[in-house]
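S.K.: Following is a predicted model, sequence given first.
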Amino acid sequence: MTVTESPGSAGARSAGPNAQEIMAGDGVAPPATLRVQSQVDMGNSDIPVERYISKGFHDLEVERMWGRVWQVAAREDDLPEVGDTLVYDIADMSFVLVRVPSGEIKAFYNACLHRGTQLRSRSGFTPELRCPFHGWTWNLDGSIKTIPCEWDFAHLDRAELSLPEAKVGSWSGWVFINPDESAGSLEDYLGTFPEHFIWDLSQRYKSLHVSKLIRVNWKACLEAFMESYHVIATHPQILTYLGDANTQYDVFPGTGPGRPGWSRMNTLSGVSSPHLGRPLPPQEVLAAQLASYGVEAPPVPEGETARRVLAETTRAVFDPKPRSVPGEKLSDSEAIDNILYYIFPNFQPWGGMSPINYRFRPNGNDPDSCIMDVMLLSDYQGSEKPPSAKPIHLGFDDDWTEVEELGALAMVFNQDVGNLPRVQRGLRATKKKGVSLGTYQESRIRQIHHELDYWINRP
Ligand code: FES
Ligand SMILES: [Fe+2]
């Protein structure tokens, strides 16, 4: 991959002003990072359909990729006290994260060193790690504590009976693990990402966690949240106030060994879609957008834009400025736009004021289904951080609207996720061998496959 010019890059774009041109007219200018553009030349080949449906490809992913990359397992706040545990499963691997007496978080392979039983089947507090089968017990720090009838195991060396560990790192309150003991640091893996993701998520608490089973390959699910190209067909009700085709897509190149593939998109709010042919009157745009939150629109003064009034109205809601937002003032873009970041392989935190974070994983070893986690990180007043929300589990056929706290988001998720079993069905039925991608609007999806190639081909 080679980096093309930045800012900006060659290639076709939607009619109408681009995101940078629109933001140039904002009331409070965006932070420097949102002014950067980056594209990488990755070619235009089709992505093999096999990647989404084959058990053989899934097995390669597990061995070559999931077993060797840094991946989000938890929030630090999910394990506030010594003895708190959290089970993180990825494909058929399982880890138990534990807040150990030294205060750090460790991630043990979740399997007994006697005859293999999974040590913990669910998260929660425990004073020690005790296997339910014959009672072998470990201290929280992973050292062996007791073996019933130890006289019968004189052939085993106690010093070798500490629980094996995965590597653990943290960024902005997120706990990452890496099963590969020879992996480089999380810091190296993230590369330039933390410089660009300027919002301090450690200042927020997890106010909602929904974990849903979906009948689609994990990558096809992830990819459904990486472009705004689908808005015209999937969410036509929001074209009045969403600059879908004006979205800016940025792909940042990996740096060095254990290369971090990361990307970003910014879909602007408070502007009407270029698909509508002509810009709608500002009052109409503002009224439609605020109505979607159940709020009545103030009049747009002569010569003002819907976007500036929307930003001002939103800023008033976030006053005083939340601690998680850097700088003097909340910019228009941070207040109202849809700024999604992505870290390979499966983590998508939103930037700006949005509380949304997504994570996608295969459902066990099934290439045809996945687990999607939606985690909301919210700002709070005062010095006492509220406790981290426990996951709410939704099955394949459960509706997002069952989680009342999702509010208007539930309908959008239903629209997004509603397509996905049909995607998987079609991928299995198709005669075409590859999936075709748009050069610009789907560049972030193409990057996933370049990174996947890198891990799969890595010795
Ligand atoms: S399998 Fe764990 S104690 Fe026997
Ligand atoms: Fe969507």
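M.R.: On my side now, so go ahead. Note that the structure is predicted; figures quoted are calculated from it, not measured. Residues are numbered from 1 along each chain as shown. Ligands and ions are numbered 1, 2, ... in the order given.
S.K.: which helices and strands sit right next to the helix or strand hosting residue 176?
M.R.: Secondary-structure assignment from DSSP states H and E places residue 176 in strand 174-178. Contact partners of strand 174-178 among helices and strands, from 3 or more C-beta pairs under 8 Å, 6 or more residues apart in numbering; DSSP states H and E: strand 71-75, strand 93-99, strand 165-171, helix 186-190. For every residue, glycine as well, the C-beta is placed using N, CA and C.
S.K.: pLDDT averaged over the last one - what is it?
M.R.: Across helix 186-190, the average pLDDT comes to 93.
S.K.: phi, psi of the nearest residue to residue 403 once chain neighbours are set aside?
M.R.: Computed as C-beta to C-beta, 6 or more residues apart in numbering, the closest residue to residue 403 that is not its neighbour in sequence is residue 210, at 5.3 Å. For residue 210, the backbone dihedrals (degrees, to the nearest 10) come out as phi -120, psi 130.
S.K.: OK, contacts around residue 210?
M.R.: 373-375, 391-392, 394, 400, 403, 406 (C-beta atoms under 8 Å, 6 or more residues apart in numbering).
S.K.: Kindly recompute the last result at 7 Å.
M.R.: With contact set as C-beta atoms under 7 Å, 6 or more residues apart in numbering, residue 210 has these partners: 374, 392, 394, 403, 406.
S.K.: Can you spell out which residues form a bridge with the second one?
M.R.: When bridges are taken as DSSP bridges, the partners of residue 392 come out as residue 210.
S.K.: burial measure for it, as a count.
M.R.: Residue 392 has 16 neighbouring residues, counting by other C-beta atoms under 10 Å.
S.K.: how near is it to residue 369?
M.R.: Taken as C-beta to C-beta, to the nearest Å, the spacing of residue 392 relative to residue 369 amounts to 19 Å.
S.K.: Other residues contacting stretch 143-153?
M.R.: Contacting residues not belonging to stretch 143-153 are listed as 128, 134-139, 158, 161-162 [C-beta under 7 Å, 6+ apart].
S.K.: Buried ones in that stretch, by neighbour count?
M.R.: Within stretch 143-153, the residues that count as buried by 16 or more other C-beta atoms under 10 Å are 144, 147.
S.K.: and the end-to-end length of it?
M.R.: 17 Å (C-alpha to C-alpha, to the nearest Å).
S.K.: hmm, it in reach of ligand 1?
M.R.: No: interface with ligand 1: stretch 143-153 contributes nothing (C-beta under 6 Å from any ligand atom), its closest point being 7.9 Å away.
S.K.: Pretty sure residue 375 sits in a strand.
M.R.: Yes: the assignment for residue 375 by DSSP: H, G, I helix; E, B strand; the rest coil puts it in a strand.
S.K.: Tell me, how many residues neighbour it?
M.R.: Residue neighbour count, defined by other C-beta under 10 Å, stands at 23 for residue 375.
S.K.: that older thread, ok, the residue nearest to residue 403 to ligand 1 distance?
M.R.: Relative to ligand 1, residue 210 is positioned 33 Å away (C-beta to the nearest ligand atom, to the nearest Å).
S.K.: Then residue 356?
M.R.: Between residue 356 and ligand 1 the distance is 40 Å, computed by C-beta to the nearest ligand atom.
S.K.: what do you get for residue 415?
M.R.: Relative to ligand 1, residue 415 is positioned 46 Å away (criterion: C-beta to the nearest ligand atom).
S.K.: is it true that that residue touches residue 233?
M.R.: No: contact status for residue 415 versus residue 233: not in contact, 9.8 Å apart, counting by C-beta atoms under 7 Å.
S.K.: And the helices in the stretch 51-200 of the chain?
M.R.: If DSSP state H, counting those that start in this stretch is used as the criterion, the helices of the stretch 51-200 of the chain fall at 55-60, 186-190, 193-196.
S.K.: Quick check: which of the ones you listed is buried the most?
M.R.: Mean neighbour count, computed with mean count of other C-beta atoms under 10 Å, is highest for helix 186-190 among the helices of the stretch 51-200 of the chain, reaching a mean of 19.
S.K.: Could you list every helix and strand that that one packs against?
M.R.: Applying 3 or more C-beta pairs under 7 Å, 6 or more residues apart in numbering; DSSP states H and E, one finds that helix 186-190 makes contact with strand 165-171.
S.K.: Pick out the residue of the stretch 351-459 of the chain closest to ligand 1.
M.R.: Of the residues in the stretch 351-459 of the chain, the one nearest ligand 1 is residue 364, at a distance of 21.3 Å by C-beta to the nearest ligand atom.
S.K.: circling back: the strand holding residue 176 pairs with which strands, and in what direction?
M.R.: strand 71-75 (antiparallel), strand 165-171 (antiparallel).
S.K.: quick one, what contacts the residue nearest to residue 434 when sequence neighbours are not counted?
M.R.: Distances taken as C-beta to C-beta, 6+ apart place residue 46 nearest to residue 434, at 2.6 Å, with adjacent residues excluded. Residues touching residue 46, when contacts are defined by C-beta under 7 Å, 6+ apart, comprise 434-436.
S.K.: low-scoring stretches of the stretch 201-350 of the chain, by residue?
M.R.: Using pLDDT under 70 as the threshold, the predicted model of the stretch 201-350 of the chain has low-confidence ranges 255-258, 260.
S.K.: no no, the stretch 1-150 of the chain
M.R.: For the stretch 1-150 of the chain, residues meeting the criterion pLDDT under 70 lie at 1-10.
S.K.: which residues of it fall in strands?
M.R.: Remark: strands assigned in the stretch 1-150 of the chain by DSSP state E, counting those that start in this stretch are 2-3, 40-41, 47-48, 71-75, 84-90, 93-99, 105-109, 124-125, 129-130, 137-138, 144-146.
S.K.: And the residue of the stretch 201-350 of the chain that's closest to ligand 1?
M.R.: residue 211 (27.5 Å).
S.K.: Is it correct that that residue is in contact with residue 373?
M.R.: Yes: Residue 211 is within contact range of residue 373, at 4.9 Å (criterion: C-beta under 7 Å).
S.K.: mind putting the contacts of stretch 143-153 in CSV, neighbour count and distance to residue 91 included?
M.R.: Rendered in CSV, the data for the contacts of stretch 143-153 read as follows (neighbours: other C-beta atoms under 10 Å; distance: C-beta to C-beta, whole Å):
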residue, neighbour count, distance to residue 91
128, 11, 28
134, 12, 27
135, 13, 29
136, 22, 26
137, 16, 28
138, 22, 24
139, 17, 29
158, 11, 32
161, 17, 26
162, 15, 25
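S.K.: if we can go back for a sec, let me know which of the strands paired with strand 174-178 is tucked in deepest.
M.R.: Using mean count of other C-beta under 10 Å, the stretch among the strands paired with strand 174-178 with the greatest mean number of neighbours is strand 71-75 (a mean of 23).
S.K.: Which residues of the stretch 1-150 of the chain lie near ligand 1?
M.R.: Proximity of the stretch 1-150 of the chain to ligand 1, by C-beta under 6 Å from any ligand atom, involves residues 112, 114-115, 117, 131, 133-136.
S.K.: How about the stretch 201-350 of the chain?
M.R.: Applying C-beta under 6 Å from any ligand atom, one finds that the stretch 201-350 of the chain does not approach ligand 1 at all.
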